[in-house]
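A.B. asks: predicted coordinates and the sequence they were generated for:
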Amino acid sequence: MAGNSIGQLFKVTTFGESHGPAIGGIIDGCPPGMALTSADLQQDLDRRKPGTSRYTTARREEDEVRILSGVFNDITTGASIGLVIENTDQRSQDYSAIQSQFRPGHADYTYWHKFGLRDYRGGGRSSARETAVRVAAGAIAKKYLKEHCGIEIRGYLAQLGPIKAEQLQWEQVETNPFFFPDPTKLEALDEYMRQLKKAGDSVGARVNVVATGMPVGLGEPVFDRLDADVAHAMMSINAVKAVEIGDGFAVVEQLGSTGRDELTPTGFSANHAGGTLGGISSGQDLLVSMALKPTSSISIPGKSINTAGEVVDIVTKGRHDPCVGIRAVPVAEAMLAIVLLDHLLRHRAQNAHVQVSTPDIAAIARQQLQR
């Protein structure tokens, strides 16, 4: 199986299955000299882990991460960082009935055709359980980006089903189980989720991620465009079906005269482009939005086939999220951090000597806002 790694200079490789003994990862390219302990990773893992509220899966995993290598005396050495997270609350028997059946909307059918076999226990390698390792690796990247570059990455749930955030209050995001920035909608979210769970159904969501304090120059102008790599990283997250940078699909109705983000000596007039121009960061906030489909793991019976091609009625048992978008917020933050640190190191390797007299107008605008 290929495709278990992402990044060039900051490279993350993950391993493990949903119901195996553990999941883990190897991080290559982390710069030496950064203070790092498992506690630095655990905070984001706790934000993602299952069983933290009645709105998510009842599977209870502590998601305690162990750092096996690459850190000595709580300082990164520059060597490969090995991480492992044990699986402790598997219920593989919940999946025994579907070992010869394909759950609609899942990777079961395609996985079977590609490999000729599959780990049916919770989806095996294709399970969202794997994203815990991404969150741990992303926490390392987030820490370096913030401490050494002033780049901060934050995400929030912008929409759950029909309920949209009408205001963005960052201080509210970490105070409720939805990662929702609009406190006026929390009661509506609670009622909607109660009805959804009662019906045994699921719903989709929209997650937004923002990187502030961005420098100018990250990314390449052709295949390794920053926005292209960000889209690739976000699309690699389970259940993601669409990614937007900046205004995204709204540009279809825009006129060039209003959507071109004019430049002034003290900043850009707007940020319709979402922080990239020609695949290279402009220094403005990097604005990313992604849409996640409703999970197909629901208790409502559905039609499918088995490995013999015969028609079957299928009900997905086990413990599942009625909205996977809720726990996707820290995963999206992690993937953006991994991409940004990789591009930062690549930019430093090739272009560290480049100097121009033109000012960084986005940085000037930030400085004026801070005064």
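C.D. replies: It's in.

A.B. asks: can you classify residue 333 by secondary structure?
C.D. replies: At residue 333 the chain is in helix, as set by DSSP: H, G, I helix; E, B strand; the rest coil.

A.B. asks: show me the beta-bridge partners of the closest residue to it other than its chain neighbours.
C.D. replies: Excluding the flanking residues, the one nearest residue 333 by C-beta to C-beta, 6 or more residues apart in numbering is residue 155, at 4.6 Å. Yep, even glycine has a C-beta here, placed from its N, CA and C like the rest. Residue 155 has these beta-bridge partners by DSSP bridges: residue 209.

A.B. asks: mind listing the helices for the stretch 51-200 of the chain?
C.D. replies: 108-115, 131-149, 170-173, 186-199 (DSSP state H, counting those that start in this stretch).

A.B. asks: okay if I get these as CSV plus mean pLDDT?
C.D. replies: CSV is the format used below for the helices of the stretch 51-200 of the chain (pLDDT from 0 to 100):
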stretch, mean pLDDT
helix 108-115, 92
helix 131-149, 97
helix 170-173, 97
helix 186-199, 94
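
A.B. asks: please identify the most buried of these.
C.D. replies: helix 131-149 (a mean of 24; mean count of other C-beta atoms under 10 Å).

A.B. asks: give me the low-pLDDT residue ranges for the protein?
C.D. replies: Filtered on pLDDT under 70, the chain yields the residue ranges 50-61, 89-95, 318-319.

A.B. asks: next one: the residue most central in space within it relative to residue 326, how far apart?
C.D. replies: By C-alpha atoms, centre = their mean, the mean C-alpha position of the chain lies nearest to residue 332, the distance being 1.9 Å. Distance, residue 332 to residue 326, using C-beta to C-beta, to the nearest Å: 12 Å.

A.B. asks: right, and residue 122 touches residue 130 too?
C.D. replies: No. Between residue 122 and residue 130 there is no contact under C-beta atoms under 8 Å: 10.7 Å.

A.B. asks: shared neighbours of the two, anything?
C.D. replies: Shared contacts of residue 122 and residue 130, defined by C-beta atoms under 8 Å, 6 or more residues apart in numbering, are found at 17-18.

A.B. asks: ok, the residue nearest to the centre of the chain touching residue 155?
C.D. replies: Yes. Under the criterion of C-beta under 8 Å, residue 332 makes contact with residue 155 at 5.0 Å.

A.B. asks: quick revisit: tally of neighbours for the residue nearest to residue 333?
C.D. replies: Residue 155: 25 surrounding residues under other C-beta atoms under 10 Å.

A.B. asks: ok, now which ones touch it?
C.D. replies: Residue 155 touches 173, 179, 207-210, 329-330, 332-333, 336, counting by C-beta under 8 Å, 6+ apart.

A.B. asks: quick check, nearest of those residues to residue 12?
C.D. replies: Residue 12 has its nearest neighbour among the contacts of residue 155 in residue 336, at 12.8 Å by C-beta to C-beta.

A.B. asks: now do the phi/psi pair for the closest one.
C.D. replies: Here is the backbone geometry of residue 336 (degrees, to the nearest 10): phi -70, psi -40.

A.B. asks: so it touches residue 288, yeah?
C.D. replies: Yes. Here residue 336 reaches residue 288: they are 6.2 Å apart, a contact under C-beta under 8 Å.

A.B. asks: more neighbours, these two?
C.D. replies: Relative neighbour count places residue 288 above the other of residue 336 and residue 288, with 29 against 26, counting by other C-beta under 10 Å.

A.B. asks: now name the helix or strand holding the more buried one.
C.D. replies: strand 286-292 (DSSP states H and E).

A.B. asks: now render the helices of the stretch 51-200 of the chain as JSON lines, adding distance to residue 87.
C.D. replies: Output for the helices of the stretch 51-200 of the chain, formatted as JSON lines (distance: least, C-beta to C-beta, whole Å):
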{"stretch": "helix 108-115", "distance to residue 87": "19"}
{"stretch": "helix 131-149", "distance to residue 87": "10"}
{"stretch": "helix 170-173", "distance to residue 87": "28"}
{"stretch": "helix 186-199", "distance to residue 87": "25"}
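
A.B. asks: so which of these comes closest to residue 23?
C.D. replies: helix 131-149 (5.4 Å).

A.B. asks: I'd say residue 290 and residue 207 touch.
C.D. replies: Yes. In this structure, residue 290 is within contact of residue 207 by C-beta under 8 Å, at 5.5 Å.
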